[in-house]
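Trainee: Sequence unavailable; structure follows:
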Ligand code: ADP
Ligand code: MG
C-alpha cells in the first residue's frame, strides 16, 4: 500500500512549540500509524491465542497452495487449482447476467476467461490489455472458454517461491501475509532444542520422527514434492513429531500434578479409638440399608477406604452408570470420615440434585446420630447462619449443598473429605476454589468425584491420567432393562394413551421438553404448552410442571409432590437431568429427542427403570416439513435404542462428537489435544506414558522445558 504523501494529509495544527513543524508532524503521524497498526494485529494474534513465539511456531497451516510452478493451460484439467501466466488480450465490463469484469488471458497454449463479480478500478488497471499476469484459481469449463472466477492475480515476473504457500486460520484484521511473517518470526526465535530423553529417541519409537525444528520448518514451508496425502492424514514424520511432543507434554504435566499431590498431606481416616468399642458408623449404616451392596459397590468401597486411610489426599473419580448406586457409596465414605472425627462435604451442581442427596443422606445418617447441614444460595439468611454455625463448630458432621459450599463465608472446623457429584458440571475454577478453600494447616482434604458419564479408556488415560478411577460396572439386581422406542411426533396420541395405562397401574411418568439454549422463552412456551395439553388429555390426573425459571420454593413443592407419588406426571425441562430418584416412575417421554446429546439422553432415561416394574423410554422426534433428521441425530437415536450400557453409549458419543465436545472443552478447562488423535495415536499415548516417569526422574530439566513449551501457564489447570 502506498504511504500517504504529505500533500494529502491535513495541515498540522499550529503549535506553540517552535519546532520544524513539518517534520515533527510527519514523525508523530508515522508513529501513531505504526503503533495502532501493531496493536490491531497484536490483538488479532491474541485472539488466536498466539502470544508466545512458540505459540506462533505451533500454529500450523490449515492447508497449502502451490505457487511454486506455472501450469500450461493445455495441461490443466477442469476442476484443478492452478497457477497460470499469460498476456491479457481482452478486458471488458459486461452487464449480463450481471455487472462483471471479464478478462481474457492467453498463455500461448490456450486461453481462459477471468470473471470478477466484485471488482475495483485497481483490478482493471493491473489486468489491462497487454499486461503479463500471473493468475491462480480453480479452472472450470465455462460456457464459451474455460474460466476462473475471482482468481488471485498479480503482475508476472518475480521468482517462483521454492515452498508451498501455507494458509493459516486467522481472524479479521490479520491478513495471511502478516500472519505468515509473524509465524516464521516466532519459529525462528523459538527454543526448539531437543527435550525428549535421548534413550527414548533412539529406541521404542512407534514411528520415525523428525526433530522439532525440522518438523515445524517443514510444516510451515514444505517443498512442493511432498506427498500432500501424508500431510492430510498426519502420517508424515514431521506430524508424528508433533503428536509425540504433545502427548508427552500432557502425560508429563499430569504425572507432575500427581506427584505434587503425593507430596501433600491429608488426614488418614481411621475409626477413632472411642468408636472402636462399638460398631462403627460405617458398619451401622451398612447394616441398616434396605439392600445389599452389589459386588461392584463393595469393590469401589474398598478402593475408597484404602485411599482414606492414607495420609495423602485421595484424588479419585467414581464412575458408574445412572442408577448404579453411587450415592450409597458416597454415604459410606462420609460415614468413614465422620467415624474418624472429621467433617465431610458433598457438593452437587444443582439445587434439586443437592436436595435429593440431602434427603437421602439424612434418612440414612440421622438415625445414626450424625447431624447434617444444608447450604444453598437460595436459602434464608437465618437458616444459612445456623448452617454456617453448625459447620464452623463441627456440630455438623456432613455438609450438603450446591456451589454455596465453596463460598468464602463457609468455614469448616475440620474438613477431611469432599465429594463432588457430577463433577464434569463444575468448571475448573470451581474445582480449584474447592481445593484451596478446603486446605488448612497444609492439609488437603480427600477428594472423591462422581460421574455418570463414564469416560472411555483412551480419554481416561490421557486427559485424566492424574486421577485414580473406580468404576461401578454393575446395576443393582432386579432392575428391568428399559425398552426404548423412537416414535414420530405425529403419533403423540398413542403415547398419551400409553401414559394413561401406566397411570392406571399406579405408575408415574416423566415428560421432558428440550432446553433451547438461545431462547429460554421459547423453551418455556414449549414446556408450558405440553403441560396444558397433557393436563387436558388426562382429566383427573395431577400433571406438574418444572422448569428452570421457577422460583426454588415452587420447584421444591413440585418435586415433593412427585416424590411422594401424589403427582402422576411431571412435565419438565432438563432440570431433572441428573440425580432425581423416584423408583415408581416407569415411563419417560422425551420430546424433540433429536435435539439432545447422546449422554444427556442416556442420563434422562436413567430416571426410569429404578424400580421392579418394566420401564420404557419413548423418544419423540419431529421433523419439519422441509427438514429431515440429520445423520448425527439419527446415530444418537439409534444408539439409544440399541443399548442401555452407559459405557457403550459413552463410546459412541465420543465417536459422534469427538473428544473436544465430549469432554466439554470449556468445562474441563483441560488443554485439548490439537495434534494427536487418540483414535489413531494409541501407540504414541503408550510411549508417552512410559516416558513421562523416566523424564521426571532422570531428566527433570528437559521435562520442565518441554511442559513449558507446550502448556505454558495452561499447565496449572491440570492441577484442578
Ligand atoms: P446413581 O449412581 O445414578 O447416583 P443412585 O445412587 O441414585 O444412583 O441409586 C439409584 C437407586 O438404587 C437408589 O434408589 C438407591 O437407593 C438404589 N440402590 C443403590 N444401591 C443398591 C443396591 N445395591 N441394591 C438395590 N438398590 C440399590
Ligand atoms: Mg447420582
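Mentor: It's in. Computed from a predicted model, the values in this text were never measured in an experiment. Residues are numbered from 1 along each chain as shown. Ligands and ions are numbered 1, 2, ... in the order given.
Trainee: Which of the residues in the longest strand seen in the chain are classified as buried?
Mentor: Looking across the chain with DSSP state E, the single longest strand is strand 81-94. In terms of neighbour count (16 or more other Cβ atoms under 10 Å), strand 81-94 has its buried residues at 82-88, 91. Bear in mind the C-beta positions are built from the backbone N, C-alpha and C, glycine included.
Trainee: swap in stretch 383-403?
Mentor: Per 16+ other Cβ under 10 Å, stretch 383-403 contains these buried residues: 384, 387-388, 390-391, 396-403.
Trainee: Tell me which of these has the lowest pLDDT.
Mentor: The lowest pLDDT within the buried residues of stretch 383-403 belongs to residue 403, with 85.
Trainee: For the buried residues of stretch 383-403, which two are the farthest from each other?
Mentor: Within these, 397 and 403 form the most distant pair, 21.2 Å apart (Cβ to Cβ).
Trainee: So, low pLDDT: which residues of the protein?
Mentor: Along the chain, the parts satisfying pLDDT under 70 run over 1-38, 227, 272-278, 424-441, 515-525, 574-580, 624-628, 659-671, 713-720.
Trainee: ok, back up a step: closest one of the buried residues of stretch 383-403 to ligand 1?
Mentor: For these, the closest approach to ligand 1 (Cβ to the nearest ligand atom) belongs to residue 400, at 14.0 Å.
Trainee: that older thread, C-terminal to the longest strand of the chain, what's the next element?
Mentor: strand 100-106 (DSSP states H and E).
Trainee: Relative to ligand 1, which residue of the stretch 451-600 of the chain is the closest?
Mentor: Nearest residue of the stretch 451-600 of the chain to ligand 1 (Cβ to the nearest ligand atom) works out as residue 476 at 3.2 Å.
Trainee: returning to that earlier point: give me the contact list for the longest strand of the chain.
Mentor: When contacts are defined by Cβ atoms under 8 Å, 6 or more residues apart in numbering, strand 81-94 is touched by residues 65-67, 69-73, 76, 99-108, 111-112, 124, 127-139, 156.
Trainee: Stretch 363-381 now?
Mentor: 281, 284-285, 288-289, 328, 331, 334-335, 338, 351, 354, 358, 361-362, 383-384, 387-388, 390-391, 395-405, 410, 552.
Trainee: the strands in the stretch 1-150 of the chain, which residues?
Mentor: Using DSSP state E, counting those that start in this stretch, the strands of the stretch 1-150 of the chain run over residues 63-65, 81-94, 100-106, 111-116, 132-138, 147-149.
Trainee: quick one on the thing from earlier: going through the contacts of strand 81-94, which ones are buried?
Mentor: Applying 16+ other Cβ under 10 Å to those flags 66-67, 70-71, 73, 76, 100-101, 103-105, 107, 111-112, 127, 131, 133-137, 139 as buried.
Trainee: Select from the contacts of stretch 363-381 every entry located in helices.
Mentor: Residues of the contacts of stretch 363-381 located in helices (DSSP state H): 281, 284-285, 288, 328, 331, 334-335, 338, 351, 354, 358, 361-362, 383-384, 387-388, 390-391, 552.
Trainee: Can I have the buried ones of those as a ChimeraX selection?
Mentor: Applying 16+ other Cβ under 10 Å to the ones in helices among the contacts of stretch 363-381, the buried members can be selected in ChimeraX as follows:
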select :281,284,285,328,331,334,335,338,351,354,358,361,362,384,387,388,390,391
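Trainee: what residues does the stretch 601-720 of the chain put near ligand 1?
Mentor: Proximity of the stretch 601-720 of the chain to ligand 1, by Cβ under 6 Å from any ligand atom, involves residues residue 610.
Trainee: rewinding a little: the longest strand of the chain pairs with which strands, and in what direction?
Mentor: Strand 81-94 has the following strand partners under DSSP bridges: strand 100-106 (antiparallel), strand 132-138 (antiparallel).
Trainee: so how far is stretch 690-707 off the chain centroid?
Mentor: Relative to its parent chain, stretch 690-707 has a centroid offset of 28 Å by Cα atoms, centre = their mean, to the nearest Å.
Trainee: which outside residues touch it?
Mentor: Under Cβ under 8 Å, 6+ apart, the answer for stretch 690-707 is 191, 193-197, 199-200, 204, 245, 248-249, 251-256, 259, 715.
Trainee: which of those count as buried?
Mentor: Buried among these (16+ other Cβ under 10 Å): 195-197, 200, 245, 248-249, 251-256, 715.
Trainee: contacts with ligand 1 among the ones in helices among the contacts of stretch 363-381, please.
Mentor: Within the ones in helices among the contacts of stretch 363-381, those near ligand 1 by Cβ under 6 Å from any ligand atom are residue 328.
Trainee: In three-state terms, label residue 470 for me.
Mentor: strand (DSSP: H, G, I helix; E, B strand; the rest coil).
Trainee: Check the gap between residue 269 and residue 343 for me.
Mentor: 11 Å (Cβ to Cβ, to the nearest Å).
Trainee: nope, residue 490 is what I was after
Mentor: Relative to residue 343, residue 490 is positioned 55 Å away (Cβ to Cβ).
Trainee: Comparing the two, which residue is more hemmed in?
Mentor: Neighbour count, other Cβ atoms under 10 Å: between residue 490 and residue 343, residue 343 has more, with 24 against 10.
Trainee: one step back: show me the buried ones among the contacts of stretch 690-707 that map onto helices.
Mentor: 200, 245, 248-249, 251-256.
Trainee: The residues you listed: which ones sit near ligand 1?
Mentor: Checked against ligand 1 using Cβ under 6 Å from any ligand atom, those give no members in range.
Trainee: between those residues, which is closest to ligand 1?
Mentor: The nearest member of those to ligand 1, counting by Cβ to the nearest ligand atom, is residue 254 at 26.3 Å.
Trainee: Enumerate the residues of the stretch 451-600 of the chain near ligand 1.
Mentor: Neighbours of ligand 1 within the stretch 451-600 of the chain, by Cβ under 6 Å from any ligand atom: 452, 476, 581, 583.
Trainee: So which of those residues wins on neighbours?
Mentor: residue 452 (25 neighbours).
Trainee: quick one, domains of the chain?
Mentor: 69-160, 482-643 (automatic domain parsing).
Trainee: Tell me which of the ones you listed sits most buried.
Mentor: domain 482-643 (a mean of 18; mean count of other Cβ atoms under 10 Å).
Trainee: measure that domain end to end?
Mentor: 9 Å (Cα to Cα, to the nearest Å).
Trainee: Who's the closest spatial neighbour of residue 211, skipping the chain neighbours?
Mentor: Sequence neighbours aside, residue 194 is the residue nearest to residue 211 in space, at 6.5 Å (criterion: Cβ to Cβ, 6 or more residues apart in numbering).
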